[in-house]
Every structure is written in C-alpha cells, then in structure tokens.
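Q: predicted model follows, preceded by the sequence.
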Amino acid sequence: MGENGAGKSTFLRLLAGAYIPTTGTAHISGQVTSFFNIGLGFEQDTSGYSNIILRSLAMGKSYKQAKAVVPEILEFTKLGDAIKRPISTYSHGMRLRLAFAILTAHDHDMILMDEWIGAGDKRFTEAAEMRLRSSVEQSQIMVVATHNRTLMRNVCNKGIVLDKGEILYRGEINEAVEFYEKEIVEPRKLSGENLKTSEL
C-alpha cells in the first residue's frame, strides 16, 4: 500500500519479471500469474468459452485442465448462453467477471493484482472477495496493490507500505494498515493535500 507514485505497480511488475531491479537482485520461485489488465489476452472475435480455453493454456495449463474448469467458471460468472458469444459483445462487467473467474479457477504459485476490482455490483464484489480468500486458504500467494483497506484486512495477512520506491513498513496487516494511515494518510490530510476518493 502507498500513495499514488509510491511504487506499488513497479513492485508488482518486478515480481512479474517485467522489470529488472536497478540495484540488488530479485529471487522469485514458482509460477507467477499477473492480473493487471482484464482485457489483456482476450481474443475479441472468439467466444467466451474459447477464451476460457485459450487463457488457461496461456497460463500453462493443459487442455484437459482448461476444460475441467469451464462449469465452475460458468457458475461463478452467471454468463449463461452469452458464453457462446464473441467477447466483443460483452459489457465491461461481463469481461471482468470472466477474466477474474478464469484467473482464480486455476491453482497458481503467485497471483499479482494491481488495484482491486472496482467494477461490478455488490453481489459480484462479495463473491470475488470470497474467491480470493479461498485462494489464500489454499496456501497460494497473492500480492495486491490497493487503497481498499477493508479488503486488505479481510483478505491479506501481511502488509508492505511503500513511499517513493522504498519500503517504510513490513509486517502484520493490521499494523501495516495502521502505519499507513498514521504515517501517510493523516499527514497528507493535515498538510491540506487533496486525496482522491479511491485513496480513502
């Protein structure tokens, strides 16, 4: 967590292997799956069903594994017959649900999420949160950059506070959130800086 420009997205891209550290070294073991852009990787002219298969294969899963998760994804997304239509006909919310469902239907060593999902209705948000919690309980690693402190406390067990690319605090999530509020949010309020709603 951290204010805009603190280095959250850069840190995630370092974990994803997209960036190389300018000093020191980064050691990441296991398969890393990134969830930075929900539209990235979708084939617009093919069906939702085909995209489930294609995205699963791109994650390194077998065709059998890809087919096996289709019923679960259909149940979660509630897309119904729309799964047979091209992705180009989907609304933003439909694409969001499908991308998120595909990502969380498979086991991963590490999931990286840049900002919490802001689209979707309350029912979807609650269902997505439960799904994320399930991933954590399966001993998988999820690293999420977000301003949503309620989500942090509900889903995360550790927290890192960044500022200008430096780690200011690392520890248990409740203590990390308290540090973030006391050392980052409150001073900005007192100094009269304008905070975006998403940062509160």
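A: It's in. Numbers count the residues shown, from 1 in each chain.

Q: the chain: strands as residue ranges?
A: Secondary structure of the chain (DSSP state E): strands at 32-35, 110-114, 141-145, 158-163, 166-172.

Q: and the last one, which residues are buried?
A: Neighbour-count burial for strand 166-172, counted by 16 or more other Cβ atoms under 10 Å, picks out 168-169. (Glycine included, C-beta is placed from N, CA and C.)

Q: do the same with the fourth one
A: Along strand 158-163, these residues count as buried under the neighbour rule (16+ other Cβ under 10 Å): 159-163.

Q: and those as JSON lines, adding distance to residue 115 and pLDDT?
A: Conversion of the buried residues of strand 158-163 to JSON lines gives the following (distance: Cβ to Cβ, whole Å; pLDDT from 0 to 100):
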{"residue": "159", "distance to residue 115": "16", "pLDDT": "96"}
{"residue": "160", "distance to residue 115": "15", "pLDDT": "96"}
{"residue": "161", "distance to residue 115": "16", "pLDDT": "95"}
{"residue": "162", "distance to residue 115": "14", "pLDDT": "94"}
{"residue": "163", "distance to residue 115": "18", "pLDDT": "92"}
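
Q: mean confidence score for the longest helix along the chain?
A: Secondary structure of the chain per DSSP state H: the longest helix is helix 122-137. Regarding helix 122-137, the rounded mean pLDDT is 75.

Q: return the set of buried residues in that helix.
A: For helix 122-137, by 16+ other Cβ under 10 Å, it's 124-125, 127-129, 132, 135.

Q: closest to residue 67 out of the strands of the chain?
A: Smallest distance to residue 67 across the strands of the chain (Cβ to Cβ): 19.0 Å, for strand 32-35.
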